[in-house]
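*Asks:* What would the 3D arrangement of this be:
(2 chains)
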There are 2 protein chains.
Amino acid sequence: MDNTANIEILGFIAAVLTTAAFLPQVYKTWRTKDVSGLSLPMFLMFFTGITLWFIYGFLINSPSLIFANGITMVSTFLLLFFIVKYRKK
Amino acid sequence: MDNTANIEILGFIAAVLTTAAFLPQVYKTWRTKDVSGLSLPMFLMFFTGITLWFIYGFLINSPSLIFANGITMVSTFLLLFFIVKYRKK
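*Replies:* Numbering: from 1, shown residues only, chains lettered A, B, ... in the order given. This next block holds a predicted model:
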């Protein structure tokens, strides 16, 4: 297997980790409704940035970036939804 | 300015947003010591993934990835440190 394939495998593992990483946070926030410690500005900025990474992935034709950021967009959006829904008014 | 430069600018904006995004979370967690809502598995997986993205950035020679993931590694490590330090035993 040539070097480029190895590099893309590394990219995919990085993609799986940084994508899957949000799932325990989405589950914990959904289960506990505890959003007091989560920063709304963080998730707003992060969601915007991830969307741009998603577009960047298409432009440079990187399967790792497209795969990772596509799913992270969904989980970050869910967290944003929970933060707005469960935060104390 | 040719297309590649524009694409790398988009990458840099994405990099700045997803990197800067962690700063309000680091600040909020440092100020409030409120880590109850933060998921330790998330930040462990995320830190590992970001480290791989950092290596991937070097391998494909992408300044955006190197810049973004280098800084995010530091802020994610700080959050991991706070979570372990401030969580109720």
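*Asks:* low-scoring stretches of chain A, by residue?
*Replies:* The model of chain A has pLDDT under 70 over residues A:1, A:89.
*Asks:* Help me see whether the longest helix anywhere in it makes contact with chain B, please.
*Replies:* Taking DSSP state H as the criterion, chain A has its longest helix at helix A:63-86. Yes - counting by C-beta under 8 Å from any C-beta of the partner chain, contacts between helix A:63-86 and chain B involve residue A:64. Yep, even glycine has a C-beta here, placed from its N, CA and C like the rest.
*Asks:* buried set for that helix?
*Replies:* A:64-73, A:75-76, A:78-80, A:82-83, A:86 (16 or more other C-beta atoms under 10 Å in any protein chain shown).
*Asks:* Repeat that for stretch A:3-17.
*Replies:* By neighbour count on 16+ other C-beta under 10 Å, the buried set for stretch A:3-17 is A:7, A:8, A:10, A:11, A:12, A:13, A:14, A:15, A:16, A:17.
*Asks:* got a list of contacts for that stretch?
*Replies:* A:62-65, A:67-68, B:45-46, B:48-50, B:52-53, B:55-56, B:59-60 (C-beta atoms under 8 Å, 6 or more residues apart in numbering or on different chains).
*Asks:* And the buried ones among the residues you listed, selectable in ChimeraX?
*Replies:* In ChimeraX syntax, the buried subset of the contacts of stretch A:3-17 is picked out as below (16+ other C-beta under 10 Å):
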select /A:62,64,65,67,68 /B:45,46,48,49,50,52,53,56,60
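*Asks:* Return the residues in contact with the closest residue to residue A:70 other than its chain neighbours.
*Replies:* Leaving aside its chain neighbours, residue A:70 sits nearest to residue A:54 (5.8 Å; criterion: C-beta to C-beta, 6 or more residues apart in numbering or on different chains). Applying C-beta under 8 Å, 6+ apart, we find residue A:54 in contact with A:65, A:66, A:69, A:70, A:73.
*Asks:* how near is the fourth one to chain B?
*Replies:* Using C-beta to the nearest C-beta, to the nearest Å, residue A:70 is found at 14 Å from chain B.
*Asks:* Distance of that residue relative to residue B:67?
*Replies:* Note on residue A:70: its distance to residue B:67, by C-beta to C-beta, to the nearest Å, is 22 Å.
*Asks:* Output the buried residues of stretch A:3-17 in a markdown table, with secondary structure appended to each entry.
*Replies:* Formatted as a markdown table, the buried residues of stretch A:3-17 follow (DSSP: H, G, I helix; E, B strand; the rest coil):
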| residue | secondary structure |
| --- | --- |
| A:7 | helix |
| A:8 | helix |
| A:10 | helix |
| A:11 | helix |
| A:12 | helix |
| A:13 | helix |
| A:14 | helix |
| A:15 | helix |
| A:16 | helix |
| A:17 | helix |
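*Asks:* which SS state does residue A:38 fall under?
*Replies:* Classified using three-state DSSP, residue A:38 is coil.
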